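[1] using only what follows, build the 3D model:
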Amino acid sequence: MRSRPTNIRGRIGLIEAGTGLIVGETILVDCYPAIGPIQALLTISHHQVDDLDLLKKWKYPWIFYCAKRYETPIPYRHPKGAVIWVKSDLKEKERSATNVKWVSREELSEMFPEKE
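    Next up is the predicted model:
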């Protein structure tokens, strides 16, 4: 659950706040509209947030696929002012060392077709 929606889709790194490390990665498949209190109660098994008061702010479901924690986190520089997104300057060698299969936008679209 996030406090803002996003239009970003595809492979993203997962950063642990304050560590300067990319600790894993996932595929960001979709972002649903904000959920209200009744939806929050009915979808606890998905978002796993026990304190539903938190969902007054964190109300946007971001849908992830194939989340993986790296055995060895990758250091990165966090630029001043970056809050949600940080552009990665990782070299392809560092990316491939994670042993995670890259999924193209086309493959992602086939796996998760647009909602109608």
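[2] ok, Tyr32 touching His47?
    No - taking contacts as C-beta atoms under 8 Å, Tyr32 lies outside contact range of His47: 10.5 Å. No exception for glycine: its C-beta is placed from N, CA and C like everyone else's.
[3] who has more neighbours, those two?
    Comparing Tyr32 with His47 by other C-beta atoms under 10 Å, the one with more neighbours is His47, at 17 against 14.
[4] can you tell me which residues contact that one?
    Listed by C-beta atoms under 8 Å, 6 or more residues apart in numbering, the contact partners of His47 are 1, 40, 55, 61.
[5] so Pro73 sits in a strand?
    Yes - according to DSSP: H, G, I helix; E, B strand; the rest coil, Pro73 belongs to a strand.
[6] burial of it, as a residue count?
    17.
[7] now swap in Lys80 and tell me
    What Lys80 shows, counting by other C-beta under 10 Å, is a neighbour count of 4.
[8] can you classify Asp53 by secondary structure?
    Going by three-state DSSP: Asp53 is helix.
[9] once you drop chain neighbours, what's closest to Lys59?
    Among residues not flanking Lys59 along the chain, Ala34 sits closest, at 4.3 Å (C-beta to C-beta, 6 or more residues apart in numbering).
[10] can you count the residues close to the one you found?
    Neighbours around Ala34, by other C-beta under 10 Å: 16.
[11] any chance you could map the strands in the protein?
    Taking DSSP state E, the strands of the chain run over residues 10-16, 21-31, 62-75.
[12] now for Tyr32 and His47: what residues contact both?
    Pro61.
[13] pull the number of nearby residues for the residue lying closest to Met1 once chain neighbours are set aside.
    Nearest residue to Met1, sequence neighbours excluded (C-beta to C-beta, 6+ apart): Trp58, at 4.1 Å. Trp58 has 16 neighbouring residues, counting by other C-beta under 10 Å.
[14] OK, contacts around Trp58?
    1-3, 49.
[15] over to Leu54?
    Per C-beta under 8 Å, 6+ apart, neighbours of Leu54: Met1.
[16] hmm, 10 Å instead?
    Shown in contact with Leu54 (C-beta atoms under 10 Å, 6 or more residues apart in numbering): 1, 40, 47.
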